[in-house]
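Q: build me a model:
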Amino acid sequence: MIQPAHTKRVMIVDDEKLIADTLVLIFEQNGYEARSAYSAEEALQLIGEWHPDLAILDIILPQMNGVDLAILLKAEAPQCRVVLISGHVITDTLLHQAARDGHNFQVYPKPTPPADLLAKARDLLSESGPPPEPLPA
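A: Alright, predicted model coming up:
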């Protein structure tokens, strides 16, 4: 288990509770402070009281989608890094629309091996690495 220099906060947003809760456990077991939200609205409420360093967002959520949530999250908490996950092809349309508006996000397919998400988290939250660059869609 690799411990980050400071305890970093990771928010998992997925309407599939089993996925969200499992990822929270995996991140906690790897030295992160992690919390889950099961909707975009719940996530927005959570960031108001708990400021995540990284948000892993499912794109297909009830009511507000994960791309719109990512855009709002970046406005509310610009220091927060964002990774999107999705198991749906329809997300391409949402991502292209966001890219036209200047928001580029990297999307991992669902299911993504937890080791890949942990590696991405380490890369994005590394204090010694270069400053983050826009992620390709």
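Q: V67 reaches V107, doesn't it?
A: No. Counting by CB atoms under 8 Å, V67 sits too far from V107 to count as a contact (9.2 Å). Where C-beta positions appear, they are placed from N, C-alpha and C, glycine not excepted.
Q: now do the helices in the chain.
A: Along the chain, counting by DSSP state H, helices occupy 17-29, 40-49, 66-76, 91-100, 114-125.
Q: so who does the residue nearest the centre of the chain touch?
A: Central residue of the chain (CA atoms, centre = their mean): I56, 1.7 Å from the mean position. When contacts are counted by CB atoms under 8 Å, 6 or more residues apart in numbering, I56 is found next to V10, M11, I12, V13, L23, V83, L84, I85, L117, A121.
Q: repeat that for 6 Å
A: Contacts were defined as CB atoms under 6 Å, 6 or more residues apart in numbering; by that measure I56 touches I12, V83.
Q: ok, the one 10 residues further on next?
A: G66 sits next to L57, D58, I59, L84 when contact means CB under 6 Å, 6+ apart.
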